[in-house]
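Chemist: based on what follows, work out the 3D shape:
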Amino acid sequence: MDTDNAVVERLLTPAEVATIFRVDPKTVSRWARSGKLNARRTLGGHRRYPENEIWALLDQHQGE
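Modeler: A predicted model of the protein is given here:
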């Protein structure tokens, strides 16, 4: 099995995303439900957010 080319995507918790955007974690969950953030679900049903998408979204909003 060739794992050298595997890319591991870092996923952030709602609390980590909330810290980045300086909002409450419940706000992050609300954004995910409304479709503003792309969330993935863990096997336990928890939301996780792709780190690269979060930083790109932050950069986009800071540029406005």
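Chemist: for the strand of greatest length in the chain, name the packing helices and strands.
Modeler: As assigned by DSSP state E, the longest strand anywhere in the chain is strand 47-50. When contacts are defined as 3 or more C-beta pairs under 8 Å, 6 or more residues apart in numbering; DSSP states H and E, strand 47-50 packs onto strand 11-12, helix 14-21, helix 25-34, strand 40-41. All C-beta atoms are positioned from the backbone trio N, CA, C, and that covers glycine.
Chemist: need the CA coordinates for that strand. CSV is fine.
Modeler: This file holds the C-alpha atoms of strand 47-50, laid out as CSV (Å, rounded to 0.1, in the frame of the first residue of the first chain):
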residue,chain,number,x,y,z
ARG,A,47,-19.5,18.5,13.1
ARG,A,48,-15.9,19.1,11.9
TYR,A,49,-14.8,21.8,9.5
PRO,A,50,-12.0,21.6,6.9
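Chemist: chain center to the helix or strand following that strand: distance?
Modeler: Counting by DSSP states H and E, the next helix or strand C-terminal to strand 47-50 is helix 51-62. Computed by C-alpha atoms, centre = their mean, to the nearest Å, the chain-centroid distance of helix 51-62 equals 10 Å.
Chemist: likewise stretch 31-46?
Modeler: 8 Å.
Chemist: could you do stretch 14-32 as well?
Modeler: 9 Å.
Chemist: ok so, going back, listing partners with orientation, what would you give for the longest strand of the chain?
Modeler: strand 11-12 (antiparallel), strand 40-41 (antiparallel) (DSSP bridges).
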